[in-house]
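A.B. asks: got a predicted structure here, sequence first:
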Amino acid sequence: MSPDPSLPGIYTITHRASGRCYVGQSANMPRRWANDHRPALRHNKHHSKYMQNTWNKYGEDAFDFEPVENCDVDDLTEREQWWMDEL
């Protein structure tokens, strides 16, 4: 069963061509993408310089946002680190 994006959890933002991904956590994953990451990337102000440069070069359509796991809010940091180590 795939993760429910409306619940707290871990997500990835992946550049399809390279397979490189950003791992993040949020209590509301779609809102984090729509209100934080995407606007920052669109305005050339994202904190990840690698992702910003790749976004600038290849465009928004080259990326996928994907919830990968639901978890309790208290476990977000631990699970985010696990996914960063795994990927």
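C.D. replies: The structure has been received and is ready for your questions. Numbers count the residues shown, from 1 in each chain.
A.B. asks: who touches the lowest-mean-pLDDT helix or strand in the chain?
C.D. replies: Every helix and strand in the chain was compared by mean pLDDT, DSSP states H and E; the lowest is helix 29-32, with a mean of 93. Helix 29-32 has contacts (Cβ atoms under 8 Å, 6 or more residues apart in numbering) with 5-6, 9, 11, 24, 26, 67. Quick note: C-beta positions are derived from backbone N, CA and C, even for glycine.
A.B. asks: which of those sits closest to Asn56?
C.D. replies: Nearest to Asn56 among those is Gly24, at 19.6 Å by Cβ to Cβ.
A.B. asks: show me the contacts for the closest one.
C.D. replies: 10-13, 32, 37, 80.
A.B. asks: regarding it, what is its secondary structure?
C.D. replies: Assigned state for Gly24: strand (three-state reduction, DSSP: H, G, I helix; E, B strand; the rest coil).
A.B. asks: bridged to it, which residues?
C.D. replies: Gly24 has these beta-bridge partners by DSSP bridges: Tyr11.
A.B. asks: separation between it and Met51?
C.D. replies: Using Cβ to Cβ, to the nearest Å, Gly24 is found at 11 Å from Met51.
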